[in-house]
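J.: The sequence isn't on hand, but the structure is:
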């Protein structure tokens with residue numbers, strides 16, 4: 001019996017998108033790491049489509065206002081590990097990345113199956129990420 005190995009090239013050049021204003025993401029932004037600055041803004045997700053995915057990464061402590069990520073309806077499901085505890089999302093519309101609590105290195109990932117958004121993430125500080 002022959003053994004077949006499959007190798008996947010590592011992502012040598014990761015595609016980043018910096019956001020500094022209220023933004024509506026597009027299908028063209030899918031697969032990008034969305035880099036968040038110190039001034040919280042509102043991010044609107046497109047309607048779900050199979051395969052869409054985004055990662056939101058904190059690169060500096062948010063000091064002005066919360067970041068919000070808003071879906072087109074109550075279609076966010078999943079969970080994030082926040083300060084070591086599982087925080088569940090079930091039929092949510094908004095993810096809030098909280099001022100002074102969403103810290104460098106924290107991240108939230110979203111992917112869609114075409115009807116819903118599924119969230120996963122890692123946040124160090126208690127209440128650094130909430131779902132509503």
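T.: Good, I have the coordinates. Quick caveat, the model's predicted, so the values are computed rather than measured.
J.: Next, give phi and psi for residue 56.
T.: The phi/psi pair for residue 56 (degrees, to the nearest 10) reads phi -110, psi 120.
J.: what's near enough to touch residue 18?
T.: Counting by C-beta atoms under 8 Å, 6 or more residues apart in numbering, residue 18 makes contact with 35, 37. All C-beta spots, glycine's among them, are computed from the backbone N, C-alpha and C.
J.: change it to 6 Å
T.: For residue 18, the contact set (C-beta atoms under 6 Å, 6 or more residues apart in numbering) comprises residue 35.
J.: Strands of the chain, start to end?
T.: 16-19, 23-24, 33-36, 42-44, 53-58, 67-70, 76-82, 85-92, 94-97, 107-112, 117-123, 129-131 (DSSP state E).
J.: Could you export those as a markdown table, including mean pLDDT?
T.: Shown next, in a markdown table, are these (pLDDT from 0 to 100):
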| stretch | mean pLDDT |
| --- | --- |
| strand 16-19 | 93 |
| strand 23-24 | 96 |
| strand 33-36 | 96 |
| strand 42-44 | 98 |
| strand 53-58 | 97 |
| strand 67-70 | 98 |
| strand 76-82 | 98 |
| strand 85-92 | 98 |
| strand 94-97 | 98 |
| strand 107-112 | 98 |
| strand 117-123 | 98 |
| strand 129-131 | 98 |
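J.: wait, doesn't residue 58 sit right on residue 104?
T.: Yes. The pair residue 58 and residue 104 qualifies as a contact (C-beta atoms under 6 Å) at a distance of 5.4 Å.
J.: what about those two, which has more around it?
T.: residue 58 (22 against 12; other C-beta atoms under 10 Å).
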